[in-house]
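>>> For reference, the sequence and a predicted model appear below.
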Amino acid sequence: MHELRQIVKGRRTAQLDKPVVLFLIGARLNRIWPLKSWWWFVSTMPEMLKELDSMPGSGLLWYRTHLSWRMLMVQQYWESFEKLLVYAQDKNGEHFPAWARFMRQSMGDGAIGIWHETYLIEPGRFECIYGNMPNFGLA
């Protein structure tokens, strides 16, 4: 779902016939030491993405992970806000227990910062251009 493979030559764009949701989620390691304050946290997103990959009806359309020194960001496209929320609130899934643990253990110590932004992308109200890129983002 998220791998960048073969280059598609030329210039192209994406066309949508229904809205999609762009969900950006990230974390920042504010303190590197001690490792125990954040080490468990770094495995949570890969586990969530693995779970979502195994659930074709989840609503997750595509994702890509971006790393930059202390920052981690995952760019995700979802079918709808509703499907994103269903996953986020599923008490039997990977996300809910990780979120609860973060709130209990890590929110107070400041070693890890977290954030997310959610955007509705409507047909005809966006622009994207891809030149000599693998299938990426909305493409």
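Noted; the coordinates are in hand.

>>> quick one: K50 is in a helix?
Yes: checked against DSSP: H, G, I helix; E, B strand; the rest coil, K50 lies within a helix.

>>> for this structure, what spans make up the helices?
44-53, 81-89, 95-101 (DSSP state H).

>>> Mind checking the ones you listed for the one nearest to M133?
With CB to CB as the criterion, M133 lies closest to helix 44-53 of the helices of the chain, at 21.2 Å. Quick note: C-beta positions are derived from backbone N, CA and C, even for glycine.

>>> average model confidence for the closest one?
When pLDDT is averaged along helix 44-53, the result is 94.

>>> same check, this time on stretch 92-100
Mean per-residue pLDDT for stretch 92-100: 93.

>>> cool, stretch 128-139 as well?
Per-residue scores along stretch 128-139 average to 88.

>>> What is the end-to-end distance of stretch 72-85?
Using CA to CA, to the nearest Å, one end of stretch 72-85 lies 21 Å from the other.

>>> shaky segments in the protein?
Screening the chain residue by residue with the criterion pLDDT under 70, one finds the ranges 1-4.

>>> The same query, at a cut-off of 90, please.
Within the chain, the stretches falling below the threshold (pLDDT under 90) are 1-6, 14-15, 29-43, 70, 101-112, 134-139.

>>> What ranges does it have for its strands?
8-12, 20-29, 60-68, 71-78, 112-121, 130-133 (DSSP state E).

>>> Quickly run through the sheet partners of the second one, with directions.
Here strand 20-29 is paired, per DSSP bridges, with strand 71-78 (antiparallel), strand 112-121 (antiparallel).
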